[in-house]
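Visitor: A predicted structure for the sequence below; I have some questions about it.
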Amino acid sequence: MNLVTGATGLLGSHIVEQLRAANQPTRVLVRRGSDRSWLDTQGVEYVEGDLNDVVALKRACEGVDAVYHSAAKVGDWGPWEEFQRITIDGTRNMLDAAVGAGVRRFVHISSISVFGYYTAPITVDETYDVGFGLYKWAFYSRSKIEAERIARQYHDEGKIEVTVIRPAWIYGPRDRATIARLYRMIKQGQAKILGKGDNRLNVVYAGNVAEAAIKAAGMPEAAGEVFNCSNDGEITQQEYFDLLADAIGAPRVKRHAPYWIAYRAGHFLEILGHIFAWKKPPFITRYAVWLMGRRSYFSAEKARKMLGWQPTVTYQQGVPATIKWYRQQIGEE
């Protein structure tokens with residue numbers, strides 16, 4: 001039996017999809033009131049509860065061989081207490097339940113943002129330290145660093161086998177985080193390229209990351225290892241936007257904005273947002289600017305060599321498929 005947390009989210013749903021395509025029994029932890037319409041098509045077993053419901057977690061882990069823990073507080077906005085409760089405390093609770101149930105492997109979904117905010121034109125791999133250049137309100141990165149530290153500690157103490165997967169910016173069908181905004185901005189001619197647009201993006205198709213996670217779960221050698229699953233090959237910011245525009249049927253993005261001006265604008269808006277306790281994130285944040293415009297690049301060579309991970313969905317396939325899915329959701333296709 002496999003257990004997937006965060007199964008209503010982007011990566012979690014793709015892990016479920018691939019496990020079920022391989023006819024592997026799969027259980028999912030879902031919160032009360034969550035949208036289960038897609039999961040209902042997958043033949044999964046449900047356990048209702050959240051990451052702070054110890055009784056539900058114990059029930060969810062019974063008879064489980066591998067846990068895929070992808071649930072977390074997503075995004076770069078919100079009070080620290082939410083990141084603490086969901087990402088950090090939730091990971092510890094999930095690990096305790098898995099240990100108690102005798103689970104063999106715990107696949108912890110982290111993020112390349114744990115490295116911190118490298119911007120220089122360097123290639124970062126798993127040997128680099130975490131937490132570089134973190135700013136005060138980098139709650140997402142800080143919480144992911146701590147959650148990963150806890151998971152690796154459980155492995156080091158011999159409590160459970162842990163493998164850490166660090167995805168980059170994930171996209172694909174069932175993306176509720178970024179595709180709507182990108183679609184609207186490109187279609188309405190409001191999008192801008194940050195800097196020259198020749199920087200390599202770390203963007204990765206959700207299904208490809210799911211493949212890496214499932215491969216890692218089954219490999220004895222992957223226990224205790226960390227893998228960047230950070231790209232499907234090389235693509236520049238301009239090339240990625242060109243693929244999006246072509247799939248949307250909109251003019252390609254030609255306008256540019258200086259990276260550092262956008263970064264400072266994001267910082268200013270964050271200050272306003274925290275002063276006035278905005279519930280929704282600002283239009284621009286430093287994290288979003290960094291995701292798009294940074295010149296640093298995160299290597300996935302370790303996963304390619306050790307896991308034999310070769311992304312099966314290319315950008316040329318994944319981007320149109322994602323746009324097609326989104327159009328279906330909004331009734332345009």
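Guide: Cool, the structure landed. Numbering: from 1, shown residues only.
Visitor: make it CA atoms for all contacts and neighbour counts henceforth
Guide: Will do.
Visitor: In contact with Gly102, which residues are there?
Guide: Residues near Gly102 by CA atoms under 8 Å, 6 or more residues apart in numbering: Val64, Ile160.
Visitor: tell me the phi and psi of it?
Guide: Phi and psi for Gly102, reported as degrees, to the nearest 10, are phi 70, psi 30.
Visitor: And the pLDDT for it?
Guide: We have a pLDDT of 98 for Gly102.
Visitor: same question, Glu333
Guide: We have a pLDDT of 68 for Glu333.
Visitor: go on, Val253?
Guide: We have a pLDDT of 97 for Val253.
Visitor: That one against Ala191, yeah?
Guide: Yes. In this structure, Val253 is within contact of Ala191 by CA atoms under 8 Å, at 6.5 Å.
Visitor: So for Trp80, what's the nearest residue that isn't a sequence neighbour?
Guide: Leaving aside its chain neighbours, Trp80 sits nearest to Phe139 (6.2 Å; criterion: CA to CA, 6 or more residues apart in numbering).
Visitor: neighbours of the one you found, just the number please.
Guide: Neighbourhood size, Phe139 [other CA atoms under 10 Å]: 22.
Visitor: who's in contact with it?
Guide: If you count contacts by CA under 8 Å, 6+ apart, then Phe139 has Asp76, Trp77, Trp80, Phe83 around it.
Visitor: Repeat that for Gly100.
Guide: Taking CA under 8 Å, 6+ apart, we find Gly100 in contact with Lys58.
Visitor: Can you give me the distance of it to Glu148?
Guide: 19 Å (CA to CA, to the nearest Å).
Visitor: likewise Gly43?
Guide: Taking CA to CA as the measure, Gly43 falls 30 Å from Glu148.
Visitor: all helices of the protein, in order?
Guide: In the chain, the segments counted as helices under DSSP state H are 10-21, 54-61, 80-83, 90-101, 139-156, 179-187, 206-217, 237-248, 259-275, 286-293, 301-302, 315-329.
Visitor: which of these sits most buried?
Guide: Ranked by mean neighbour count under mean count of other CA atoms under 10 Å, those are led by helix 206-217, which reaches a mean of 23.
Visitor: got a list of contacts for that one?
Guide: Contacts of helix 206-217 (CA under 8 Å, 6+ apart): 10-12, 14-15, 18-19, 66, 68, 105-107, 163, 165, 167, 170-172, 222-223, 229, 232, 303, 307, 309, 311-313.
Visitor: How far away from the center of its chain is stretch 234-254?
Guide: With CA atoms, centre = their mean, to the nearest Å as the basis, stretch 234-254 stands 22 Å off its chain's centre.
Visitor: Next: stretch 203-216.
Guide: The gap between where stretch 203-216 is centred and where its chain is centred comes out at 10 Å by CA atoms, centre = their mean.
Visitor: Same question for stretch 59-75.
Guide: 15 Å.
Visitor: Strand partners (parallel or antiparallel) of the longest strand seen in the chain?
Guide: Selection of the longest strand in the chain by residue count, based on DSSP state E, yields strand 161-167. Using DSSP bridges, the strands paired with strand 161-167 are strand 105-109 (parallel), strand 226-229 (parallel).
Visitor: Point out the most buried one among these.
Guide: Stretch with highest mean neighbour count among the strands paired with strand 161-167: strand 226-229 (a mean of 27; mean count of other CA under 10 Å).
Visitor: And for that strand, what's in contact with it?
Guide: Identification of contacts with strand 226-229 by CA under 8 Å, 6+ apart yields 112, 125-126, 163-168, 204, 209, 212, 298-300, 302-303.
Visitor: measure the residue lying closest to Val103 once chain neighbours are set aside to Lys324 for me?
Guide: Leaving aside its chain neighbours, Val103 sits nearest to Asp65 (5.1 Å; criterion: CA to CA, 6+ apart). Applying CA to CA, the value for Asp65 to Lys324 is 35 Å.
Visitor: cool, Thr5 as well?
Guide: 26 Å.
Visitor: for Arg264, same thing?
Guide: Separation of Arg264 from Lys324 (CA to CA) stands at 34 Å.
Visitor: One more: Leu269?
Guide: In terms of CA to CA, Leu269 sits 33 Å off from Lys324.
Visitor: what's the answer for Phe139, then?
Guide: Using CA to CA, Phe139 is found at 33 Å from Lys324.
Visitor: In the protein, where is pLDDT below threshold?
Guide: 333 (pLDDT under 70).
Visitor: One more pass at 50, please.
Guide: Of all residues in the chain, none has pLDDT under 50.
Visitor: Arg59 and Val47 touch, don't they?
Guide: Yes. Applying CA under 8 Å as the test, Arg59 and Val47 come out as touching, 7.5 Å apart.
Visitor: how close does Gly49 sit to Leu57?
Guide: Applying CA to CA, the value for Gly49 to Leu57 is 7 Å.
Visitor: overlap in contacts of those two?
Guide: Leu29.
Visitor: that older thread, out of the strands paired with strand 161-167, the one nearest Pro258 is which?
Guide: Of all the strands paired with strand 161-167, it is strand 226-229 that lies closest to Pro258, at 28.4 Å by CA to CA.
Visitor: Okay then, goodbye and thanks.
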